[in-house]
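# my questions are about this predicted structure, shown below with the sequence.
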Amino acid sequence: MKTIKFRAWNDSKKDWEGNFSISRIGSFLRLGISQSTEGIHVMQYTGLNDKKGKEIYEGDILEYGEDYDNLFPEGRYVVGFENGEFTMEKSDDMDLCLSLSLCISDQHNPGYAPDVYIIGNKFENSELLGATI
């Protein structure tokens, strides 16, 4: 069973929000927080880990160091969620959006672990992307 985890960034505090909850109401998720939710960015754990075993969340910046069959260019990517799946957007070419699970997991080779490392996140380390997000 997939582990479902979340984290939240607070723009006004410029820090991770430690005091929040997420509850399910029917088919909706409700964010429970003791203040306004304006400027709060909730990110979900992708269910995947980087080469060092660190959990990958939406908003993380990945260094992808393997050009797998010349399909996925090396470089920095931002993890997102689009069209029902987690994605990797190339930081220097935001038109290049790839499936995260396709790029860093291989169902036919369970031991496969490409050179993918979390080097930061888009809130605390936007300078790693060469632009402010």
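Arrived safely.
# only C-alpha atoms for contact and neighbour calcs from this point on.
Noted.
# low-confidence ranges in this structure?
Counting by pLDDT under 70, the chain contains low-confidence ranges at 1-2, 27-31, 33-36, 66-72, 93-95, 105-114, 131-133.
# tell me where it has helices.
Assigned by DSSP state H, the chain shows helices spanning 100-104.
# check contacts around M43.
Residues near M43 by Cα atoms under 8 Å, 6 or more residues apart in numbering: 6-8, 57-59.
# with distance to E127 and neighbour count added, can I get those residues in a markdown table?
What follows is these, written out as a markdown table (distance: Cα to Cα, whole Å; neighbours: other Cα atoms under 10 Å):
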| residue | distance to E127 | neighbour count |
| --- | --- | --- |
| F6 | 24 | 14 |
| R7 | 21 | 16 |
| A8 | 20 | 18 |
| Y57 | 18 | 25 |
| E58 | 17 | 22 |
| G59 | 14 | 23 |
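# of all those residues, which comes closest to L128?
G59 (12.5 Å; Cα to Cα).
# most centrally placed residue in the chain?
Nearest to the mean C-alpha position of the chain, by Cα atoms, centre = their mean, lies E58 at 2.4 Å.
# how about the lengthiest strand in the chain as CSV, C-alpha atoms only?
Secondary structure of the chain per DSSP state E: the longest strand is strand 40-49. C-alpha atoms of strand 40-49 as CSV (Å, rounded to 0.1, in the frame of the first residue of the first chain):
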residue,chain,number,x,y,z
ILE,A,40,0.3,27.8,2.3
HIS,A,41,1.6,25.3,-0.3
VAL,A,42,0.7,21.7,0.4
MET,A,43,2.9,19.1,-1.3
GLN,A,44,2.4,15.3,-1.4
TYR,A,45,5.0,12.6,-1.1
THR,A,46,5.4,10.9,-4.5
GLY,A,47,6.0,7.4,-3.0
LEU,A,48,9.5,7.4,-4.6
ASN,A,49,12.9,8.0,-3.0
